[in-house]
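*Asks:* turn this into a model:
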Amino acid sequence: MIDVFYVSNVEQYLFQQTDDWRQFYENVATMPRNRRGLFIRSVSNQRSYQRPYSRSNSVMSGIDEVLSMYRSGRLHSHMDVIEISK
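*Replies:* Numbers count the residues shown, from 1 in each chain. Here you go, the predicted model:
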């Protein structure tokens, strides 16, 4: 049962490919997971995540929340994933 899935910055690269990000979320959807399971990802320092002397930060979002956005067609880019993490 997945409680936490550390994806690092893999999603960023998956979204640069044709359909790899879709396959990733399809695979995650088949995994047994806790209803409160979390993705933890590394996000390069962007305006909304800036911290002094840091190149990246770890942010979280609910796995089911991300999968729900994916299934409903509201997930189109890596930035959509980052916005969920706010």
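*Asks:* flag the shaky bits of the protein, pLDDT-wise.
*Replies:* Across the chain, the ranges flagged by pLDDT under 70 are 45-55, 86.
*Asks:* for it, which segments count as helices?
*Replies:* Applying DSSP state H to the chain gives helices spanning 10-14, 20-30, 63-71, 78-84.
*Asks:* I'd like those helices written out as CSV, with mean neighbour count added.
*Replies:* From N, CA and C alone the C-beta is placed, and that goes for glycine too. Output for those, formatted as CSV (neighbours: other Cβ atoms under 10 Å):
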stretch, mean neighbour count
helix 10-14, 17
helix 20-30, 14
helix 63-71, 18
helix 78-84, 17
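*Asks:* what's near enough to touch the nearest residue to residue 78 once chain neighbours are set aside?
*Replies:* In this structure, residue 78 finds its nearest non-sequential neighbour in residue 15, 4.1 Å apart by Cβ to Cβ, 6 or more residues apart in numbering. Contacts were defined as Cβ atoms under 8 Å, 6 or more residues apart in numbering; by that measure residue 15 touches 21, 77, 78, 81.
*Asks:* can you tell me how far the residue most central in space within the chain sits from residue 2?
*Replies:* Geometric centre of the chain, nearest residue: residue 81, 5.1 Å, by Cα atoms, centre = their mean. Computed as Cβ to Cβ, to the nearest Å, the residue 81 to residue 2 distance reads 17 Å.
*Asks:* again with residue 14
*Replies:* 18 Å.
*Asks:* circling back to that earlier point, so the residue nearest to the centre of the chain touches residue 10, yeah?
*Replies:* No: judged on Cβ atoms under 8 Å, residue 81 makes no contact with residue 10 at a distance of 10.8 Å.
*Asks:* ok, the strand ranked longest in the chain: who's next to it in the sheet?
*Replies:* In the chain, taking DSSP state E as the definition, the longest strand is strand 33-44. Strand 33-44 sits in its sheet next to strand 2-8 (parallel), strand 56-62 (antiparallel), going by DSSP bridges.
*Asks:* export these to a markdown table and tack on mean neighbour count?
*Replies:* Shown next, in a markdown table, are the strands paired with strand 33-44 (neighbours: other Cβ under 10 Å):
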| stretch | mean neighbour count |
| --- | --- |
| strand 2-8 | 13 |
| strand 56-62 | 15 |
